[in-house]
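Asks: can't give you the sequence, but here's the structure:
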């Protein structure tokens, strides 16, 4: 019989009460406003998201990766496992308490990924860091941008999430990437409207389902290395 969850941390946020729960020592659950955000034993899609985004970085000189959302650190850990020792990873997290939890009770879950010397944690909205990369260019741009937020692109259709997944935001992300850069997005469900916006913004993409069923989708979109005036062809979706 499973032991009951014990709340070991809570913090009021703009989106509601954020809670961290634990049971059996190594099992964690994070909720916001009563809604489950993530479970430490159900992170296959997050791991695949980072793996696919970063598995081609070993041949790049000083690769730089931006991750939107720390969560339990599983996406970060997966990215670090793929990246070389000279990589730089910037993690944008809105809530400082989440960083504290990852450095505290959840440290062993990711082997202390937040303390890896390649990692910089920014208490910031990831959209702001994308905008900075696009506007300032040069070394401020990224080889990969990984968006792992619980709402996903479907919220853009509900007049939320446009700041990350709308037409203007996707073009901004493209400008914040180096040629051939990767834009990786976690989504709860497939989103055809988001796919059309990706193509319109100059990305080719593939849609991956980490497990069985229709839920939880990983989008791996790539910026064309050619002239921005040429619209890339859409890749095969599977």
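Replies: Nice, thanks for sending it over. Everything numeric in this text was worked out from a predicted model, so none of it was measured. Numbering: from 1, shown residues only.
Asks: secondary structure class for residue 172?
Replies: What DSSP: H, G, I helix; E, B strand; the rest coil gives for residue 172 is helix.
Asks: which strand is the longest one in the chain?
Replies: strand 177-187 (DSSP state E).
Asks: contact partners of that strand?
Replies: By C-beta atoms under 8 Å, 6 or more residues apart in numbering, the list of residues contacting strand 177-187 from outside reads 45-46, 49-50, 52-54, 56, 75, 133, 141-149, 152-154, 165, 170, 173-174, 194, 198, 203, 216-225. In short, each C-beta sits where N, CA and C put it, glycine included.
Asks: just the ones in helices from the residues you listed, please.
Replies: Mapping the contacts of strand 177-187 onto helices (DSSP state H) picks out 45-46, 49-50, 52-54, 75, 133, 165, 170, 173-174, 194, 198.
Asks: report the two of those separated the most.
Replies: Greatest spacing in the ones in helices among the contacts of strand 177-187, by C-beta to C-beta: 45 and 133 (25.2 Å).
Asks: which one's more surrounded, the two?
Replies: residue 133 (24 against 21; other C-beta atoms under 10 Å).
Asks: so where's this structure uncertain?
Replies: Low-confidence segments of the chain, defined by pLDDT under 70: 1, 155-160, 211-215, 225-238.
Asks: show me the domain layout of the chain.
Replies: Taking automatic domain parsing as the reference, the chain has its domains at 1-42, 43-223.
Asks: which one of those is the most hemmed in?
Replies: domain 43-223 (a mean of 19; mean count of other C-beta atoms under 10 Å).
Asks: quick one: end-to-end distance for that one.
Replies: 26 Å (C-alpha to C-alpha, to the nearest Å).
Asks: 40 is where my numbering starts, stick with that
Replies: Yep, numbering from 40; the last one is domain 82-262 now.
Asks: now do it: distance to the chain's middle.
Replies: 3 Å (C-alpha atoms, centre = their mean, to the nearest Å).
Asks: the closest residue to residue 72 other than its chain neighbours and residue 109, how far apart?
Replies: Distance criterion C-beta to C-beta, 6 or more residues apart in numbering; nearest residue to residue 72, sequence neighbours excluded, is residue 55 at 2.7 Å. Distance, residue 55 to residue 109, using C-beta to C-beta, to the nearest Å: 18 Å.
Asks: please enumerate the strands of the chain.
Replies: 45-52, 55-62, 66-71, 74-78, 103-107, 127-132, 158-162, 181-186, 216-226, 242-247, 256-262.
Asks: nearest residue to residue 63 in space, ignoring adjacent ones along the chain?
Replies: residue 42 (5.7 Å).
Asks: no no, residue 210
Replies: Closest to residue 210 by C-beta to C-beta, 6+ apart is residue 240, at 4.9 Å.
Asks: again with residue 154
Replies: Closest residue to residue 154 apart from its sequence neighbours, by C-beta to C-beta, 6+ apart: residue 142 at 6.9 Å.
Asks: was I right to think the one you found contacts residue 149?
Replies: No. Counting by C-beta atoms under 8 Å, residue 142 does not reach residue 149; the two are 10.3 Å apart.
Asks: in contact with residue 125, which residues?
Replies: 100-102.
Asks: is the residue nearest to residue 72 in contact with residue 71, as I believe?
Replies: Yes. With contact defined as C-beta under 8 Å, residue 55 reaches residue 71; the gap is 5.3 Å.
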